[in-house]
Each structure stands twice: as C-alpha cells, then as structure tokens.
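Visitor: this one's sequence-less:
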C-alpha cells in the first residue's frame, strides 16, 4: 500500500487550521486537514443541543475580531455563503443596581449613554474613538502580522509621531481599571472598557488588560459584534467550502497520533489508525502548544530549555457555559439591554476587581461576572419567531466544576444572576445545555481544561513570550513544523492570525530563499534555546 502524500498536512480543523489550509491552497499546494472530532470548526460550531429549531453556538458566538481582521476579510468568505448579522445594539453592561451602559454602532447613542454616568464622558468617548479611527489600519495590521511587525509598526509611527506613539504604548500597558480612571469620570464608560477586558482571562487590575478592553470597545463602536447568519458554524462551513473549491481536503474523525520526524525535520504524520501521511513541504498544527510538543512531537526532539519552558506554560481560566432555548426574549428591567446582542452582567468595577482577584487566588467567585449572548436578537434565524436562543458563560479556577453536581450549582447561580435583572427569565427556559471544563474539552480537545484562549493572555505569555520565550513566530525547533493555533502569536479569538502566520512561514521555508530563511530561524533558536 502506497503512503498518502500531500504538500502540507494541517492538524486540526479549527478556524486557524482552516485559514492556514486556505492560504496554502491559494498558493497552489495540495493540502489535507486532519480533524480529530466529527465536525470541522473547532470552537466555531453550532448545533441543536437544546430544542429542535434552536441553533446554539457551542463555544464562540460573536466575532468582532473577525470583523476587522485583514486575514478573514482577505478570504472573502461572503463569496462562499457567509452572511453577517447584527443585533440592534452591540453591547449593554448591566450594573448591580440595574443601571445600564450601552455600546452602540451609533456614536451618538454610546456618547449619550456614558454621559449619563459622568459629565464630559460623552466627549471623552468621542475623542477616544477619533484616535482609533486615525490609527486603526496600521494598528490592526501590526496586531495580526508575524512578529516583529516591522512595516505596520513603522506605518503606525508615521501616523502618530513619536510622542503620541509613546503615549499609546503606555496606554496599552495599563490595567483596564486604571485606563478608565485616567479618561472618564463616570462608571459607564469605564465599564464598557473594563467589561470588554474580561473577554480575556485577565483581571481589570492586571497590567495590559486595558488593551483588550479598549480594542473590543473600539471595534464594537466601529464595526459592531457581528454573528454569522444561521450560527457560528456557518463561518467554519464557509472556510471548508472555500478550501474544497481550491482542491483542499478535510477529513473529520481522523485524529493524528504523532508527527513523523527525520533528520530534524517534519516528514508527515501518523493518524490514530496507524496510517502515515507524507508532507512534502510542511506540517502545520492547530493544537495547543503543550499538546503539540509533548504528545505529537515528543520531548526527545526538543531543546531542553524549551521543555523546561513548557513546564511554566500557563493556561487561561476554566469556563462554565450554559445554552438555553427560551420561549420568549429575556425580560430585562434595564430597557437598553433588550436590544443588545452581548450583555455584561453581575458586576460593577469593584465587582470586576473582586471577581478577578478570587480567580487569581484559585477561588470560585461568589458573585459570577457573566458574558451573555442574545443570539436570536442578533440573528432571527437562530430560533422560531417569538423565542430566543441565548447563552451565558463565566470563568472558574482550573480544576473546579469538573463534576456534574458542581456544574449544576454553577449553572443555577448563573440563572439566579440573570433572574435578578430579568424577573421571569427562568420561567422562559424550555431547555438548557450545560458545559463545564470536562464537557468543553470533550466536545473540543483543544479547549484543555476548559481554557478557551489557548493559554493566558497575560503579558508574560504574549508577543515573543507566546507560547514560551522564543521568536514570536510560527516556526518551531523542528524544521518545517509550524504552530498555527491560539497558543501562538497573536493568540486567541477568531481572527485567523496564528493560521495566517503559520502559512506565511511555511511558504517562506518552501520558497526560493527557503534555505536562508531556515538558517536564520535555526540561528535564532540556537540563541534562545542553546
């Protein structure tokens, strides 16, 4: 029996793996994607897990980073059936006293909302957004480019000038809470930033948490938080259709057991059935870094310093998520929350600090901070007319909520938090679907221990520290093997950056100047790992 052979094997059909496969297929490569589960998409998947006719997004749901990502935009997925939908309003942060700060794509509405919390905050928000409009293009290009992003950074510097660039850099290192205190008088605008920072695993008091909150708030103001019509899985389906139209292949239910290595380079993979697949040019892995290095490669092929650094790799917090089929819209007492696709609920600024502090100490927060999605509000195709498909999740310490009784208690606490701000909510529940860390990893092996970002987003594991101290690039110490998942720079969220960077690295290694490229990477790795 002859060995199956292609130009590139991609391990994992998460969105990053599919992005990488598409870009390689665009370059004329033959590409095979091997996915362990029965479904493509990884954490971008939809299923009817509550009631027939209710389409629930099992993992990720809203896609602000996709909206601005030059990688996703460049794939032109709309030509392959993807359609974006928006809720009437982007986001509402409901405070414990039921006041509500609103983020709208209408700048006047956002400004009016934050002005209610603090005199002058409406104008301060306008100025912050004007700054974003000025630097958006080079900044976004820098965020998603391979590290270091020399050309985008130079363009950004020309746009801002040295003085403003230094102030921007300082701003992006701030804790989200401090960032808000420096710019705004009232809690409304502060919470629109701080609440968005909690989409990462960072506390509002952590250094550099401001960058996440500021970025999501500005993207929400600019582009909104769009959703794929029909469910998150339609984004993955469009990626698969695009790949197949270019000759690429996706095999689901075909786990990879090991990466085949010889002479210091990746030669291909062996699947769980023991069948080898030869990769003539590259192997790309859309899996978490510890899984790639420890399980698929093996420590014997790795520098000892890299193995030691892997022992310090930090996962992000675990997650508890509940999906509902509701017989009607959520009856929020805060009117502004009714039309928002995304809701932040359960904490003011002090509550966010307490929530993050308890997680940092390994304690389950007494008062959960919730991220909640009203999916039918954003996309009416998600459930029958007059009903609502909704979800909420919260973070818990790793190693907790791993048995069913504990998970059910957390789910009940989530529902009680919603009920306090939407009396009658629990009476609308037709069915629910609960996932804790065990269930999340069971449905998607890449969500190790319920971690949804492929490793912490803290500054000590970002840029050239991601996933361990290295070059910040997709290249690994094994020649022609590339890390293309969320553990690689620029990290989690659905923007395709890691997949794009891995594809670009693979193309460079296989190109005319590939020998020189490989020599530079080897020299860098020798300097870092010895």
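Guide: In hand now; what should we look at? From a predicted model like this one, the values you see are computed outputs, not experimental measurements.

Visitor: ok, residue 312 - how many residues close by?
Guide: 10 (other C-beta atoms under 10 Å). To be clear about C-beta, it is placed using only N, CA and C from the backbone, and glycine gets the same treatment.

Visitor: residues touching it, list them.
Guide: By C-beta atoms under 8 Å, 6 or more residues apart in numbering, residue 312 lies in contact with residue 468.

Visitor: measure how buried the spatially closest residue to residue 306 that is not a sequence neighbour is and give me the count.
Guide: Closest residue to residue 306 apart from its sequence neighbours, by C-beta to C-beta, 6 or more residues apart in numbering: residue 529 at 5.4 Å. Counted by other C-beta under 10 Å, the residues lying close to residue 529 total 18.

Visitor: now do the same for residue 529: its pLDDT.
Guide: Model confidence at residue 529, given as pLDDT, is 94.

Visitor: buried sites along the helix or strand bottoming out on mean pLDDT in the chain?
Guide: Each helix and strand of the chain was given a mean pLDDT (mean pLDDT, DSSP states H and E); the minimum falls on helix 150-173 at a mean of 90. By 16 or more other C-beta atoms under 10 Å, the buried positions in helix 150-173 come out as 152-153, 155-156, 160, 165, 171.

Visitor: quick revisit: what's the distance between the residue nearest to residue 306 and residue 148?
Guide: Separation of residue 529 from residue 148 (C-beta to C-beta, to the nearest Å): 19 Å.

Visitor: just to be sure, residue 347 is in a helix?
Guide: No: counting by DSSP: H, G, I helix; E, B strand; the rest coil, residue 347 is not part of a helix but coil.

Visitor: burial count for the closest residue to it other than its chain neighbours?
Guide: Leaving aside its chain neighbours, residue 347 sits nearest to residue 369 (4.4 Å; criterion: C-beta to C-beta, 6+ apart). Residues contacting residue 369 under the criterion other C-beta under 10 Å number 21.

Visitor: surely residue 369 is in contact with residue 351?
Guide: Yes: the criterion here is C-beta atoms under 8 Å, and residue 369 meets it with residue 351 at 6.7 Å.

Visitor: follow-up on the earlier one: of the buried residues of helix 150-173, which pair is most distant in space?
Guide: 155 and 171 (18.7 Å; C-beta to C-beta).

Visitor: what's the domain layout of the chain?
Guide: For the chain, the structural domains run 4-38+252-313+467-529, 84-227+315-443, going by automatic domain parsing.

Visitor: contact partners for the closest residue to residue 41 other than its chain neighbours?
Guide: Distances taken as C-beta to C-beta, 6+ apart put residue 236 closest to residue 41, at 3.1 Å, once the chain neighbours are dropped. Neighbour list for residue 236: 13, 15, 18, 40-42, 44-45 [criterion: C-beta under 8 Å, 6+ apart].

Visitor: next, format those residues as a markdown table and append neighbour count.
Guide: Converted to a markdown table, the contacts of residue 236 look like this (neighbours: other C-beta atoms under 10 Å):
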| residue | neighbour count |
| --- | --- |
| 13 | 28 |
| 15 | 30 |
| 18 | 32 |
| 40 | 24 |
| 41 | 27 |
| 42 | 28 |
| 44 | 30 |
| 45 | 23 |
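
Visitor: let me have these in CSV, extended by secondary structure.
Guide: Formatted as CSV, the contacts of residue 236 follow (three-state DSSP):
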residue, secondary structure
13, coil
15, helix
18, helix
40, coil
41, strand
42, coil
44, coil
45, coil
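
Visitor: which pair of those spans the longest distance?
Guide: For the contacts of residue 236, and using C-beta to C-beta, no pair is farther apart than 18 and 45, which are 12.2 Å apart.

Visitor: identify the bridge partners of the residue nearest to residue 374 when sequence neighbours are not counted.
Guide: Of all residues not flanking residue 374 in the chain, residue 390 sits nearest, at 5.4 Å (C-beta to C-beta, 6+ apart). According to DSSP bridges, the residues that bridge with residue 390 are residue 324, residue 374.

Visitor: isn't residue 390 up against residue 321?
Guide: No: look at residue 390 against residue 321 with C-beta under 8 Å: they stay out of range, at 11.4 Å.

Visitor: tell me which of those two has more neighbours.
Guide: More crowded of residue 390 and residue 321, by other C-beta under 10 Å: residue 390, with 30 against 25.

Visitor: residue 92 against residue 100, yeah?
Guide: Yes: in terms of C-beta under 8 Å, residue 92 counts as a neighbour of residue 100; the distance is 5.2 Å.

Visitor: so between those two, which is more surrounded?
Guide: For residue 92 versus residue 100, neighbours defined as other C-beta under 10 Å are more numerous around residue 92 (29 against 25).

Visitor: check the secondary structure at that one for me.
Guide: strand.

Visitor: low-confidence ranges, the stretch 151-300 of the chain, go.
Guide: Applying pLDDT under 70 to the predicted model, the stretch 151-300 of the chain contains no residue that meets it.

Visitor: I misspoke; the intended subject was the stretch 1-150 of the chain.
Guide: 1-2.

Visitor: give me that answer again for 90
Guide: For the stretch 1-150 of the chain, the stretches flagged by pLDDT under 90 are 1-3, 145-150.

Visitor: the residue nearest to residue 288 when sequence neighbours are not counted - how many residues pack around it?
Guide: What sits nearest to residue 288 in space, not counting adjacent residues and going by C-beta to C-beta, 6+ apart, is residue 487, at 4.9 Å. Counted with other C-beta under 10 Å, residues neighbouring residue 487 total 30.

Visitor: what do you get for residue 217?
Guide: 27.

Visitor: relative to residue 225, how far out is it?
Guide: Distance, residue 217 to residue 225, using C-beta to C-beta: 11 Å.

Visitor: then residue 281?
Guide: 38 Å.

Visitor: who's more crowded, those two?
Guide: Between residue 281 and residue 225, counting by other C-beta under 10 Å, residue 225 is the more crowded of the two (27 against 19).

Visitor: excluding chain neighbours, what is closest to the more buried one?
Guide: residue 62 (4.1 Å).

Visitor: quick one on the thing from earlier: overlap in contacts of residue 92 and residue 100?
Guide: Common neighbours of residue 92 and residue 100 (C-beta under 8 Å, 6+ apart) are 334, 336-337.

Visitor: quick one: low-confidence residue ranges for the stretch 401-530 of the chain.
Guide: 401-402, 530.

Visitor: how about stretch 251-262: buried residues?
Guide: In stretch 251-262, residues buried by neighbour count (16+ other C-beta under 10 Å) are 254, 256, 258-261.

Visitor: OK, contacts around the residue nearest to residue 183 when sequence neighbours are not counted?
Guide: Nearest in space to residue 183, with sequence neighbours left out and distances taken as C-beta to C-beta, 6+ apart, is residue 124 at 5.6 Å. Taking C-beta under 8 Å, 6+ apart, we find residue 124 in contact with 114, 183-184, 189.

Visitor: residue 124 sits in which helix or strand?
Guide: Assessed by DSSP states H and E, residue 124 sits inside helix 121-144.

Visitor: any idea how far residue 155 is from residue 496?
Guide: From residue 155 to residue 496 the distance is 21 Å (C-beta to C-beta).

Visitor: coming back round to it: contacting residues for the residue nearest to residue 374?
Guide: By C-beta under 8 Å, 6+ apart, the neighbours of residue 390 are 323-324, 326, 330, 372-376.
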